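1. sharing a model prediction with you, sequence too.
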Amino acid sequence: MGRKLQGLQRMLVILNKLKGYQRYVPREELEEYVSRRMEERDGTPVDLRTLQRDFNEIEELFGIHIRFSKKQNGYHIDEEDELKSEQYNRLLLNFDLLNAIGHTSNLHTYVLAEHHRPMDSECLPLLIKAIKFSHPVTFSYLYVREEGKIREKRVLPHYLKEDQQRWYLLAYDDGILKTFSAACIRNLRIHDEETFKRDMSINVEELFKDSYGIWNQPDIPVEEIELSYDALDGSFLKSVPLHPSQEVLIDNETEFRIRLRLRITNDFVMALLSRSRSLTVIRPQHLREQVRKVYEEALRRNT
């Protein structure tokens with residue numbers, strides 16, 4: 001097994017152990033657990049020096065700090081970093097697949113992957129480099145909603161954010177934090193000769209708290225939304241909520257009703273339409289009218 005692959009799998013094993021029910025894990029127990037998991041995958045046993053090196057790698061890659069408590073005699077994840085755990089769940093899921101399959105198996109015999117490679121993935125390594133080393137970038141940006149108009153941009157890149165299998169760049173454009181779809185970026189160039197001071201005080205989670213997906217439009221008010229579905233659609237919405245603010249009001253054999261609080265953007269309306277077999281918009285009235293208008297126009301086109 002390659003050293004890089006071994007290192008990634010060890011980091012996964014360490015994080016999974018420390019994210020479990022046991023708050024503090026003694027050094028001997030962690031060493032034994034990681035060694036056992038790695039030996040199952042033809043890896044080599046670990047010692048304290050290897051663990052310390054992995055802790056440093058985890059901090060550098062994920063921003064998660066692993067501490068040792070003398071009082072509790074065990075390792076644990078810093079409480080502040082636990083609050084950021086949602087940011088890493090999807091990444092850890094990919095590592096879980098890697099760890100479970102092992103290096104001797106044929107991936108396609110276990111996992112059915114997407115048939116296409118995302119178009120927006122080509123510029124991601126360059127954007128990550130620019131963010132990591134605080135370099136400005138310039139690119140041509142395609143405005144899809146403006147009939148393909150292209151504008152030249154020079155921005156200060158701060159974060160990459162994934163949403164619905166697409167990547168987006170959060171960057172300052174003339175002092176304003178904006179979102180750019182990586183799929184619409186053309187002719188990307190990093191200005192290696194320049195650096196800027198990255199604003200680490202941005203509360204990214206708070207930034208998108210009242211939005212569906214990536215599009216945060218402060219000019220659109222946050223509203224309380226009430227939706228009703230039948231029990232079948234409700235079973236799906238219980239397992240995959242529409243939005244973190246989702247609150248269940250009614251859940252019985254005939255109705256599943258929820259309340260949300262967010263901005264009603266085009267992206268949110270499209271999400272409603274994607275599961276609208278039994279949808280009834282209770283409120284607000286203007287959302288109900290918006291959904292009705294979409295269906296009326298679709299009926300006219302398909303009559």
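-> Received the coordinates, thanks.

2. CA atoms for contacts and neighbours, from now on please.
-> Noted.

3. who's in contact with the nearest residue to Arg27 once chain neighbours are set aside?
-> Counting by CA to CA, 6 or more residues apart in numbering, Arg27 lies nearest to Gly74, which is 6.1 Å off, once chain neighbours are set aside. Residues in contact with Gly74 (CA atoms under 8 Å, 6 or more residues apart in numbering) are Tyr24, Val25, Pro26, Arg27, Phe68.

4. which of those sits closest to Arg154?
-> Ranked by distance to Arg154 (CA to CA), those are led by Phe68 at 43.5 Å.

5. now which of the contacts of Gly74 would you call buried?
-> The neighbour-count criterion (16 or more other CA atoms under 10 Å) marks Tyr24, Val25, Arg27, Phe68 among these as buried.

6. OK, contacts around the second one?
-> Yep, that's Val25 we're talking about. With CA under 8 Å, 6+ apart as the criterion, the residues that contact Val25 are Leu18, Asn73, Gly74, Tyr75, His76.

7. how far away is it from Gly74?
-> Using CA to CA, to the nearest Å, Val25 is found at 4 Å from Gly74.

8. would you check that His135 makes contact with Arg189?
-> No: look at His135 against Arg189 with CA atoms under 8 Å: they stay out of range, at 10.0 Å.

9. quick one: distance of stretch 195-215 to the chain centre.
-> For stretch 195-215, the distance between its averaged C-alpha position and the chain's averaged C-alpha position is 13 Å (CA atoms, centre = their mean, to the nearest Å).

10. for it, the averaged confidence score.
-> For stretch 195-215, the mean pLDDT works out to 84.

11. for that stretch, measure first residue to last.
-> First-to-last residue span, stretch 195-215, CA to CA: 28 Å.

12. what's next to it, contact-wise?
-> Judged by CA under 8 Å, 6+ apart, the contacts made with stretch 195-215 from elsewhere in the structure are 133-136, 156, 158, 161, 163-164, 168, 179, 216-217, 222, 243, 261-265, 267-268.

13. mind redoing it with 7 Å?
-> The set of residues that contact stretch 195-215 without belonging to it, under CA atoms under 7 Å, 6 or more residues apart in numbering, is 134-136, 158, 163, 216, 222, 243, 261-263, 267-268.
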